[in-house]
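Q: here is a sequence with its predicted model. Questions after.
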Amino acid sequence: MQGKIEIVTGPMFSGKSAELLVASRNLANENLRVGLYQSVQNTRDDGIKSRNGDCLPAVKIKSLREIASDEHDAIIIDELHFFSDVASEVKWLQKTRQIGKVVVAGVLDYDFSGKEMPIYSAIRQIGPDTERKLTARCDEIADCVMPAEYSARLLNGQQLLEGPRILVDGVKATYSPRCKDHYLPITQLISEAV
Ligand SMILES: [Zn+2]
């Protein structure tokens, strides 16, 4: 089989996990042996879950190297940005594609401060076979019709631009999908330039 790396990207709440569930079922319908994985860092979800409640069980791992590639034809990875050892994980992706496996991974493209996630940049460099960019609905004002490409981090309603890239348990920040016009750093840049 021809190996492939397919990525599904976009901000939070854009339906990346739902896409992975669709991909997983389609691959299983082709009689491929499909393995589903997610990071142990993802303490929010137990399995790959879409916002509408659809869910498939996934094996929790610390590193992609723990995946038993021999047992699968296709490997689905949820929230790839939770894996922090970028060089090692991307090497695994390349190797796994070379040995003829299909890898479908969901990954956040930009963090809350608008910077590209390092693992996303690294995958772009090795060249994914397909990349699907999803958008969410902008959450800033009820009638905004612009597609949201960014994920804003909020604490008590105020947008935060600093702090660790990945927050795990114990932090009360929330996230909100925002369009370009309603995403703070871009707005600030524009007002500074005027
Ligand atoms: Zn908006």
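A: Perfect, I can see it now.
Q: any idea how far Gly3 lies from the ion?
A: Separation of Gly3 from the ion (CB to the ion, to the nearest Å) stands at 39 Å. No exception for glycine: its C-beta is placed from N, CA and C like everyone else's.
Q: ok, and the closest non-adjacent residue to that residue?
A: Arg97 (3.8 Å; CB to CB, 6 or more residues apart in numbering).
Q: likewise for Arg165?
A: Asp111 is the one closest to Arg165 (CB to CB, 6+ apart), at 5.1 Å.
Q: same deal with Gln94?
A: Nearest to Gln94 is Ile126, by CB to CB, 6+ apart, at 5.6 Å.
Q: domain map for the protein?
A: 4-134, 137-193 (automatic domain parsing).
Q: show me which residues of this protein sit near the ion.
A: Applying CB under 5 Å from the ion, we find that the chain lies next to the ion at Cys138, Glu140, Cys144, Met146, Cys179, His182.
Q: quick one: low-confidence ranges for the chain?
A: In the predicted model of the chain, residues 166-171, 186-194 satisfy pLDDT under 70.
Q: next, give phi and psi for the one residue sitting closest to the centre of it.
A: The C-alpha lying nearest the average C-alpha coordinate of the chain belongs to Val107 (CA atoms, centre = their mean; 2.2 Å). When quoted as degrees, to the nearest 10, the phi and psi of Val107 stand at phi -150, psi 140.
Q: identify the bridge partners of it.
A: Counting by DSSP bridges, Val107 is bridged to Thr9.
Q: quick one: contacts of the helix or strand harbouring the residue nearest to Gly3?
A: Under the criterion of DSSP states H and E, Arg97 resides in helix 86-98. By CB atoms under 8 Å, 6 or more residues apart in numbering, the residues outside helix 86-98 that reach it are 3-5, 63-65, 67, 69, 75, 80, 83, 103, 105, 118-119, 122-123, 126, 129.
Q: where do the strands sit along the chain?
A: Using DSSP state E, the strands found in the chain span residues 4-10, 34-39, 48-49, 55-56, 59-61, 74-77, 102-108, 130-133, 136-137, 147-148, 150-155, 158-160, 174-178.
Q: tell me which of these sits nearest to Lys16.
A: With CB to CB as the measure, strand 102-108 is the member of those nearest Lys16 (3.8 Å).
Q: who are the packing partners of the closest one?
A: When contacts are defined as 3 or more CB pairs under 8 Å, 6 or more residues apart in numbering; DSSP states H and E, strand 102-108 packs onto strand 4-10, helix 16-29, strand 74-77, helix 86-98, helix 118-126.
Q: mind listing what's buried along it?
A: Buried residues in strand 102-108, counting neighbours by 16 or more other CB atoms under 10 Å, are found at Val102, Val103, Val104, Ala105, Gly106, Val107, Leu108.
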